[in-house]
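Novice: the following comprises the amino acid sequence and a computationally predicted model.
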Amino acid sequence: MALDDIYDSILGFDAERTAELVRAELAAGTEVRAILDEALIAAMDEVGVQFSEGVLFVPEMLMAAMAMKGGLEILRPHLSASEAKPAGVVVIGTVKGDMHDIGKSLVGMMLEGSGFQVIDLGIDVPAERFLAAAEAHQADIVGLSALLTTTMPAMQATVTRLRERNAGPRIIVGGAPVNQDFAERIGADGYGEDAPGAVALARRLVADR
Ligand code: B1M
């Protein structure tokens, strides 16, 4: 099955083939969601399992990530739809010390697709940069991503820094080690389990403002 081939191409670190197969799947009319969930994200989950088991190491994890990101870029126009007036402004980034950007980028793309204006600050973003960007762009929402247990404190520190403003933006958090309980403990306004969850949450928070 073609989705399995995409999955295998990521686990084979063959970025060119991943791109080729994703294009072919789109042309064949396969749903974007299926390509994303059953091939791209599923493959990265397996990479994580194999890394934990000591089968794969950091260089392989990186090569798999590059293949996944290539596929994601091809899906980007299909995740995005333009609207005249943005649903809100979101500043998003991965917190300080953390280099993982695939989940954060996916959340950003899906927010764009839902009509939000997204300012993506990238990876390893210190609290001050989140604060400066939120002010400069008059953000409605700041989205923080963390993939490491060791960078969860940086997420907490960023929330604390953003909260020092009186009328600050709403803050949403997400990433594999984060959960609702943690979000509440650090004073975030919400937790997005995945990209669609983050979009639903952002919509709710903007509507409540
Ligand atoms: Co890293 N890594 N990594 N890694 N890596 C993990 C996270 C890990 C779980 C692997 C493992 O051990 N099984 C583990 C963390 C363990 C822990 O802390 N509990 C780990 C480790 C240990 C490390 C290093 C420390 C390894 C080392 O150097 N010894 C190192 C740290 C570097 C650093 O950041 N300082 C490291 C490095 C890397 C690479 C650079 C090689 C590469 C990242 C490349 C890149 O991003 N450009 C990498 C990768 C690829 C992974 C795994 C395999 C895949 C992550 C991914 O992209 N998933 C990962 C294992 C895993 O997660 N299965 C792993 C796909 C992506 C779509 O999912 O990011 O979870 P995810 O995003 C989801 C949700 O979490 C959520 O929505 C997304 C879509 O559904 N979400 C949000 C994310 N952000 C959100 C924000 C929101 C809302 C929802 O609102 C704002």
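Specialist: Now that the structure is in, tell me what you want to look at. Numbers count the residues shown, from 1 in each chain.
Novice: what residues of the lengthiest helix in the chain count as buried?
Specialist: When secondary structure is assigned using DSSP state H, the longest helix within the chain turns out to be helix 58-79. Neighbour-count burial for helix 58-79, with 16 or more other C-beta atoms under 10 Å as criterion, is recorded at 63-65, 67-72, 74-75, 79. (Glycine included, C-beta is placed from N, CA and C.)
Novice: likewise for stretch 127-140?
Specialist: Buried residues in stretch 127-140, defined by neighbour count with 16+ other C-beta under 10 Å: 127, 129-131, 133-134, 137, 139-140.
Novice: quick check, nearest of the residues you listed to the ligand?
Specialist: Of all the buried residues of stretch 127-140, residue 130 has the smallest distance to the ligand: 11.2 Å, by C-beta to the nearest ligand atom.
Novice: quick one: residues contacting that closest one.
Specialist: Under the criterion of C-beta atoms under 8 Å, 6 or more residues apart in numbering, the contact list for residue 130 reads 91, 93, 121, 142, 144, 158, 161-162.
Novice: just the buried residues out of those, in PyMOL syntax.
Specialist: Applying 16+ other C-beta under 10 Å to these, the buried members can be selected in PyMOL as follows:
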select buried, resi 91+93+121+142+144+158+162
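Novice: in strands, which of the contacts of residue 130 fall?
Specialist: Using DSSP state E, the members of these that fall in strands are 91, 93, 142, 144.
Novice: coming back round to it: which other helices and strands contact the longest helix of the chain?
Specialist: Counting contacts by 3 or more C-beta pairs under 8 Å, 6 or more residues apart in numbering; DSSP states H and E, helix 58-79 is packed against helix 2-11, helix 15-27, helix 32-34, helix 42-52, helix 102-113.
Novice: ok, and the closest non-adjacent residue to residue 150?
Specialist: residue 97 (6.9 Å; C-beta to C-beta, 6 or more residues apart in numbering).
Novice: before we move on, what SS does that neighbour have?
Specialist: The three-state label for residue 97, taken from DSSP: H, G, I helix; E, B strand; the rest coil, comes out as coil.
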